[in-house]
Structure formats: structure tokens, C-alpha cells
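Novice: dropping the sequence and predicted coords here.
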Amino acid sequence: MKELHLTKCVFSDVDIQSGLVQKRKLGAFIQQLIFTYTKKNSALSYNFVQDETLAQMNRDYLQHDTLTDIITFDLSEKKSMMVLADIYISIDRVKENAQSFGIKYSTELLRVIIHGALHLSGFGDKTKKEKENIRELEDIWMQKYLNNNSSNNK
């Protein structure tokens, strides 16, 4: 009997419009990223919110009184063969960061989405070395997605 693998990646505009396009394609790509490192299927919920919503979550759940662009809640059970997570992204932060970095909003949004997937794949960003590593991986996976997307659009 074949084992059933439930996989999904859902992107939801909760209290703000994200403008995210090609959600199915991006969802499949994110699941492949996670599978590459964990060898596990995934069920993910990306939720796009305003600064105020994410700041309140940061205070309530992480005891941090700061603005942030992303919070990733890994809901997976120990030894589970499934990565289960809720990811919250502040669209306000992403827009402001894109402007301050001098890049397109869509590029920064993709970076943050990939950042959450890398956390779920076991990569941290607490130390300087971890931050450098996760940034490098963000760049690699962003390039893979963009290259794959541009070749499919020709």
C-alpha cells in the first residue's frame, strides 16, 4: 500500500495585500527547497500581515518588543516525516526594507519567503556565521527560482 503524502503551501493575504503572483509555482519551489535539506514533505501556511499584527505576535509569543519582517512557527512534531509550519510576514517591513536596500519589493518578498523556508530546513541566523550562511543560501535559492521562472516564461 502506498503511503499518502500531504503537501501544500498556501499564501494568504490576512490584513494586507501582498501582491504575490504565481503562488502555485512558488509554493512547489518552496516545498522542493525544504525537501532538499530535510527529505520531508511539508504543509506550510504563509500569512501576509501588517506591521502591527506581527509586532503583537512578536511580543506575545517571542517576548520581543521590536518590529520584524518574518516569524516562523515550526509546528512539526519530533521525529515527524512532515514539516508543518505557520509563517507570518509583515508586508509593511518588506516594503520598507526593499526601499532602504534599493531593490524591488517583489525581490525582497521572495527573499523573506525563502528565509522562512530555510529556517524550517534547519538553518539559523543567531550568530554572525549563521547569518552569513543563511544570506548566501537565500541568494542561491532566489537565483534558482528566478532562473527557473525566466526560462519557463520564454
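Specialist: Thanks, I have it.

Novice: hey, let's count contacts and neighbours off CA atoms from now on
Specialist: OK.

Novice: ok, Asn47 touching Ser12?
Specialist: Yes: the pair Asn47 and Ser12 qualifies as a contact (Cα atoms under 8 Å) at a distance of 4.9 Å.

Novice: neighbour count for these two, which is higher?
Specialist: Counted by other Cα atoms under 10 Å, Asn47 and Ser12 do not tie: Asn47 has more neighbours, with 21 against 16.

Novice: give me the secondary structure label for that one.
Specialist: Using DSSP: H, G, I helix; E, B strand; the rest coil, the secondary structure recorded for Asn47 is strand.

Novice: can you check the one 10 residues further on too?
Specialist: Secondary structure, three-state DSSP: Met57 is helix.

Novice: tell me how many other residues surround it.
Specialist: Taking other Cα under 10 Å as the definition, Met57 ends up with a neighbour count of 16.

Novice: numbering from 55 from now on, please.
Specialist: All right, first residue 55 from here; so that's Met111.

Novice: next, work out how far apart it and Val148 are.
Specialist: As judged by Cα to Cα, to the nearest Å, Met111 and Val148 stand 17 Å apart.

Novice: ok, now Met196?
Specialist: Met196 sits 16 Å away from Val148, going by Cα to Cα.

Novice: tell me which of those two has more neighbours.
Specialist: When Met196 and Val148 are compared for neighbours, Val148 comes out ahead with 25 against 19, by other Cα under 10 Å.

Novice: what does the longest helix seen in the chain rub up against?
Specialist: Of all the elements of type helix in the chain, the one with the most residues (DSSP state H) is helix 182-206. Counting by Cα atoms under 8 Å, 6 or more residues apart in numbering, helix 182-206 makes contact with Leu80, Phe83, Leu87, Leu164, Arg165, Ile168, His169, Leu172, Phe177, Gly178, Asp179, all of which sit outside it.

Novice: let's see 6 Å
Specialist: Gly178, Asp179 (Cα atoms under 6 Å, 6 or more residues apart in numbering).

Novice: give me the number of neighbouring residues for Lys185.
Specialist: Around Lys185 sit 14 other residues, with neighbours defined as other Cα under 10 Å.
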